[in-house]
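**Student:** One predicted model, sequence on top.
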Amino acid sequence: MPVRPIHTSHTRGRYSARPTNPPPAAARTKPSQMEEYGGCVLPGSALGVHCPTGCELRNELIKQRPMPQRRLNSILHNITSLKSNFNSLTVNSDNIVRSMQNLRSRMQERSGPQKSAQDAIEARFKELRVHIESTVPNTLRIMKELLMQVRAKIKRLDESLQTQTEYCAMPCVISCNIPVVSGAHCEDVFRNGGYTSEAYYIQPDQKQKPYKVFCDMQHSGGGWTIIQNRVDGSTSFARNWDTYKNGFGNVAFDNGKYICNVPGEYWIGTERILELSQLHEHVLLFDMKDWKGEKAYAQYNSFRIDGEDQNYRFWIDQYTGNAGDALIQGASQLQGENRTMTIHNGMEFSTFDRDNDGWLPGNPQKQCAKEDDGGWWYNRCHSANPNGRYYWGGVYTKQQTDLGTDDGVVWMNWKGSWYSLREMSMKMRPRMP
Ligand SMILES: [Ca+2]
């Protein structure tokens, strides 16, 4: 609140110097109305100011009388405000005190459960420590014993593996008795008294040494000379020209009783096939089995091959069977040129090192024998691939192959390109009336 000033000497003025002669009458101004102080009119300002008169004092008192009342009112107002503030502060402080009391009581309430929880945790920790100290050493001891047993097993396996490795490094020896009965071929053996299917010695050329071959003496009257056999994938058929020419693989295995009646996987030799086919007119039989045990066959009642100078060109005719005439008609799934490109009749033999196929012969980038992983009378390339790669289980995929091509043991007209047969066998027998 602004303080109203009391009269000061400034407002009241001082004695001024006595005025000089009054100005001429013409120059006089009209006397001004003097300020009135409570009805006390002074004669003029030029005469100075007298000490306050009683009137002036009265007037001053009259002027100042309301001031203390206003100040008092102001002070009273201030006091009221202060009192209000004080009351607010009192209320606030009471609230704070109550809050403090609440907090204290809540802390007291909580301290109890905290302590009990801490006690429970400590008790549980002690139990766990006792449990661990009692069980872990026992578990460790058991694990150590197991580890020692496993190490012992690994050692025995290592020794066994070493023995097997040394055994497998030795040449394969068939420890069974080959029947004495023999002949130029299996039909000859049959006629000479060999009626069981097993390994025999045959001698197509009296000037050459006899050699072992597996004879099928059951299928449609027997007498079949097995010139190719696939049964378990134990032999790789990705071989070069000379190996195919002379033959490879295992003809038969011992059945445990010194009888070689368990057929192995082998190729009798392209030169030997030529020699047999030159003895008589021959029948060629493809016997096959899928992975469910179902069987199918394709039989060609005319079969021969040309000599090595013709790259053992392949000739067949007169199909019968239920596997489909893949070799003369081509793949039944294909049409037009795509189909004729899969015909094998009249094709030359090819291996990965001798490209005689129907797919740009001589171009090392276009070799069916490489793509289809075997030696065969490839065209461009095949409807049947009996010497392809052996896939366990039948169905195989592009991702499983080396070059993304259908290189399995395939007979397309029966199972398509992406099914590799469980068993495949090629058998020759002289054609009989
Ligand atoms: Ca080629």
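**Tutor:** Sure thing, it's come through.

**Student:** mind listing the helices in the stretch 51-200 of the chain by residue range?
**Tutor:** 54-64, 66-169, 186-191 (DSSP state H, counting those that start in this stretch).

**Student:** Turn these into CSV, including mean pLDDT.
**Tutor:** Output for these, formatted as CSV (pLDDT from 0 to 100):
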stretch, mean pLDDT
helix 54-64, 70
helix 66-169, 86
helix 186-191, 97
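
**Student:** In contact with the residue of the stretch 101-250 of the chain found nearest the ion, which residues?
**Tutor:** Residue nearest to the ion within the stretch 101-250 of the chain: residue 241 (14.2 Å; C-beta to the ion). (C-beta placed from N, C-alpha, C; glycine too.) The neighbourhood of residue 241, defined by C-beta atoms under 8 Å, 6 or more residues apart in numbering, consists of 351, 353, 354, 375.

**Student:** show me the contacts for the first one.
**Tutor:** It stands for residue 351. By C-beta under 8 Å, 6+ apart, the neighbours of residue 351 are 239, 240, 241, 244, 369, 375.

**Student:** Taking those residues, please make a ChimeraX selection of just the buried ones.
**Tutor:** With 16 or more other C-beta atoms under 10 Å as the criterion, this ChimeraX line picks the buried residues out of those:
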select :239,241,244,369,375
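
**Student:** Where strands are concerned, which of the contacts of residue 351 count?
**Tutor:** If you go by DSSP state E, the contacts of residue 351 have nothing in strands.

**Student:** Same list (the contacts of residue 351) but as a markdown table, adding pLDDT.
**Tutor:** Formatted as a markdown table, the contacts of residue 351 follow (pLDDT from 0 to 100):
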| residue | pLDDT |
| --- | --- |
| 239 | 96 |
| 240 | 97 |
| 241 | 97 |
| 244 | 97 |
| 369 | 93 |
| 375 | 96 |
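
**Student:** Give me the subset of the contacts of residue 351 lying in helices.
**Tutor:** Applying DSSP state H to those, the entries found in helices are 241, 244, 369.

**Student:** measure the first one to residue 312 for me?
**Tutor:** Separation of residue 241 from residue 312 (C-beta to C-beta, to the nearest Å): 10 Å.

**Student:** Could you do the second one as well?
**Tutor:** Residue 244 sits 9 Å away from residue 312, going by C-beta to C-beta.

**Student:** Mutual contacts of the two, please.
**Tutor:** Common neighbours of residue 244 and residue 312 (C-beta under 8 Å, 6+ apart) are 270, 349.

**Student:** so which of the helices of the stretch 51-200 of the chain is the most packed in?
**Tutor:** helix 186-191 (a mean of 22; mean count of other C-beta atoms under 10 Å).

**Student:** Distance from it to the middle of the chain?
**Tutor:** Helix 186-191 has its C-alpha centroid displaced from the chain centroid by 58 Å (C-alpha atoms, centre = their mean, to the nearest Å).

**Student:** which residues touch that helix?
**Tutor:** By C-beta under 8 Å, 6+ apart, helix 186-191 touches 181-183, 194, 200, 202, 213, 215-217, 222-226, 429-430.

**Student:** phi, psi of the residue of the stretch 201-350 of the chain found nearest the ion?
**Tutor:** Ranked by C-beta to the ion, the top residue of the stretch 201-350 of the chain for proximity to the ion is residue 350, at 7.3 Å. Backbone torsions for residue 350, taken as degrees, to the nearest 10, come to phi -130, psi 140.

**Student:** now residue 283
**Tutor:** Phi and psi for residue 283, reported as degrees, to the nearest 10, are phi -100, psi 140.

**Student:** Surely residue 218 touches residue 198?
**Tutor:** No. With contact defined as C-beta atoms under 8 Å, residue 218 does not reach residue 198; the gap is 11.0 Å.

**Student:** give me the number of residues near the residue lying closest to residue 274 once chain neighbours are set aside?
**Tutor:** Distance criterion C-beta to C-beta, 6 or more residues apart in numbering; nearest residue to residue 274, sequence neighbours excluded, is residue 305 at 5.4 Å. Neighbour count of residue 305, defined by other C-beta atoms under 10 Å: 24.

**Student:** May I have the phi/psi pair for residue 305?
**Tutor:** phi -130, psi 160.

**Student:** for residue 288, same thing?
**Tutor:** When read as degrees, to the nearest 10, the backbone of residue 288 gives phi -140, psi 160.

**Student:** got a pLDDT number for it?
**Tutor:** Looking at residue 288, its pLDDT is 97.

**Student:** Which strand residues bridge it?
**Tutor:** Beta-bridge pairing of residue 288 under DSSP bridges involves residue 296, residue 424.

**Student:** wait, what's in contact with it?
**Tutor:** Here residue 288 is in contact with 295, 296, 297, 323, 411, 414, 421, 423, 424, 425 (C-beta under 8 Å, 6+ apart).

**Student:** ok, and the closest non-adjacent residue to the last one?
**Tutor:** If I follow you right, that is residue 425. Nearest one to residue 425, counting by C-beta to C-beta, 6+ apart, is residue 287 at 4.5 Å.

**Student:** Cross-check the contact I'm expecting between that neighbour and residue 297.
**Tutor:** Yes. Using C-beta under 8 Å, residue 287 is in contact with residue 297, at 5.3 Å.

**Student:** Can you give me every residue that contacts the residue nearest to residue 274?
**Tutor:** For residue 305, the contacting residues are 270, 273, 274, 277, 312, 313, 314, 315, 349, by C-beta under 8 Å, 6+ apart.

**Student:** Inside helices: which ones of those?
**Tutor:** Of the contacts of residue 305, the ones assigned to helices by DSSP H are 270, 273, 274, 277.

**Student:** Now that we have the residues you listed, which of them are buried?
**Tutor:** 270, 273, 274, 277.

**Student:** Need these in a markdown table (columns: pLDDT and distance to the ion).
**Tutor:** Below are those laid out as a markdown table (pLDDT from 0 to 100; distance: C-beta to the ion, whole Å):
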| residue | pLDDT | distance to the ion |
| --- | --- | --- |
| 270 | 98 | 18 |
| 273 | 97 | 22 |
| 274 | 97 | 23 |
| 277 | 95 | 25 |
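
**Student:** Kindly indicate which of those residues lies nearest residue 253.
**Tutor:** Taking C-beta to C-beta as the measure, residue 253 lies nearest residue 273 of these, at 22.7 Å.

**Student:** can you tell me which residues contact that closest one?
**Tutor:** Applying C-beta under 8 Å, 6+ apart, the residues contacting residue 273 are 227, 305, 312, 428.

**Student:** again, only using 10 Å
**Tutor:** Contacts for residue 273 were tallied using C-beta atoms under 10 Å, 6 or more residues apart in numbering; they are 225, 227-228, 244-245, 247, 267, 282, 284, 303-305, 312, 314, 349, 426, 428.
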